[in-house]
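> need a structure here:
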Amino acid sequence: LPAFLSPYVQAGYDSRIVTISAPPAELERIKNLIQAVDQPQQLIEIQVIVTEVSTDFFKDFGSKMFSYSMQAGQSKNDDWTGSLDFDGSALSLVLDVYGTLLSQLKLAEQNQEAKVHADPKIVVAEGSSAELFIGDRQIVMLSAAGDNISRVERIDVGVSLKVTPRIVGDDEIMLTIAPEMSHFVNEAKPDIIVKQSSVSTTIKVQDRQTAMLVGMSMQDSGDYSRKVPILGDIPLIRWFFRSDIERTRDKELLIFVTPTILETGGF
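Sure thing, here's the model as predicted:
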């Protein structure tokens, strides 16, 4: 509003109520200015895949696993047609990149080469943040040596993600992605140690285009079993049809984010 009209207007941001007390001429001018800027806030749907894959699996397929290509001269379709090129073009994605990518990660999960933590869809207002947490929230009692006073601490261990989309042009979205990964290094009291890794980046993508964030890694130790269905669970003979492996391996955290601009009034 022009400075000479400001004294006539009182606005509450939290209540989203505007009160106008002005002479008729100024009142009509203020109403026209407010109507010009009072537009529905754009909504954006955020689709997210958060998954862990073994470093060996990631290296074997390399960046080709996630290379998307369009046919020459082809424009962006509503379903963002693309392809996923595995080594030797053994597998490819055509139509619905997000859904098919998720199915391929599910297959890798069955071979214990990947673990899909979440694949949610969240609708947020343009400029607002969508937050996701996958993990455990543990309550622990901590006390200093020789001190009879204990304090309660809440420790979050897992993967958290914050995504903030901003529309910057026709079908263009600026994404700010801030993931954080944490896990226990030592769970024994009182020497509880939690290791955290975090990163923040901002990239520009097209509407319905998938962005991938990599580079966060951790070690995983555990026992893994491979078995023949049914036979691997029968007492006495199951050991002939299953193998238990104890191993330590590195894992990579992969995050896929797909923003979709929703039609105003269509939500």
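
> pLDDT below threshold where in the stretch 1-150 of the chain?
Scanning the stretch 1-150 of the chain for pLDDT under 70 picks out the ranges 13-16, 59-102, 142-149.

> for the stretch 151-267 of the chain, same thing?
Filtered on pLDDT under 70, the stretch 151-267 of the chain yields the residue ranges 185-192, 215, 218-225, 245-249, 264-267.

> try 80
151-155, 183-197, 212-233, 235-253, 263-267 (pLDDT under 80).

> can you give me the distance of L161 to F241?
Distance, L161 to F241, by CB to CB, to the nearest Å: 40 Å. All C-beta spots, glycine's among them, are computed from the backbone N, C-alpha and C.

> what about the two, which has more around it?
L161 (24 against 15; other CB atoms under 10 Å).

> confirm that the more buried one sits in a strand.
Yes - assignment of L161 by DSSP: H, G, I helix; E, B strand; the rest coil places it within a strand.

> ok, it touching T51?
No - in this structure L161 lies outside contact range of T51 using CB atoms under 8 Å: 12.0 Å.

> tell me, what's touching the two both at once?
Taking CB atoms under 8 Å, 6 or more residues apart in numbering as the criterion, L161 and T51 both touch I255.

> how about the strands in the stretch 151-267 of the chain?
Remark: strands assigned in the stretch 151-267 of the chain by DSSP state E, counting those that start in this stretch are 172-186, 193-198, 201-206, 211-227, 242-261.

> return the list of strands paired to the last one, each annotated with direction.
Strand 242-261 has these partner strands in its sheet, going by DSSP bridges: strand 43-54 (antiparallel), strand 211-227 (antiparallel).

> restricting to C-alpha, output that strand in CSV.
Written as CSV, here are the backbone C-alpha positions of strand 242-261 (Å, rounded to 0.1, in the frame of the first residue of the first chain):
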residue,chain,number,x,y,z
ARG,A,242,19.7,-71.4,3.9
SER,A,243,22.8,-69.5,4.6
ASP,A,244,23.5,-67.0,7.4
ILE,A,245,26.1,-64.3,6.6
GLU,A,246,27.6,-61.8,9.1
ARG,A,247,29.0,-58.8,7.3
THR,A,248,29.8,-55.1,7.6
ARG,A,249,29.2,-52.9,4.6
ASP,A,250,28.9,-49.2,3.7
LYS,A,251,25.6,-47.8,2.7
GLU,A,252,24.6,-44.7,0.7
LEU,A,253,21.5,-42.6,1.5
LEU,A,254,19.6,-41.7,-1.7
ILE,A,255,16.8,-39.2,-1.7
PHE,A,256,14.5,-38.6,-4.7
VAL,A,257,12.2,-35.6,-4.6
THR,A,258,9.5,-34.9,-7.3
PRO,A,259,7.5,-31.7,-7.0
THR,A,260,4.2,-31.2,-8.8
ILE,A,261,2.5,-27.9,-9.1
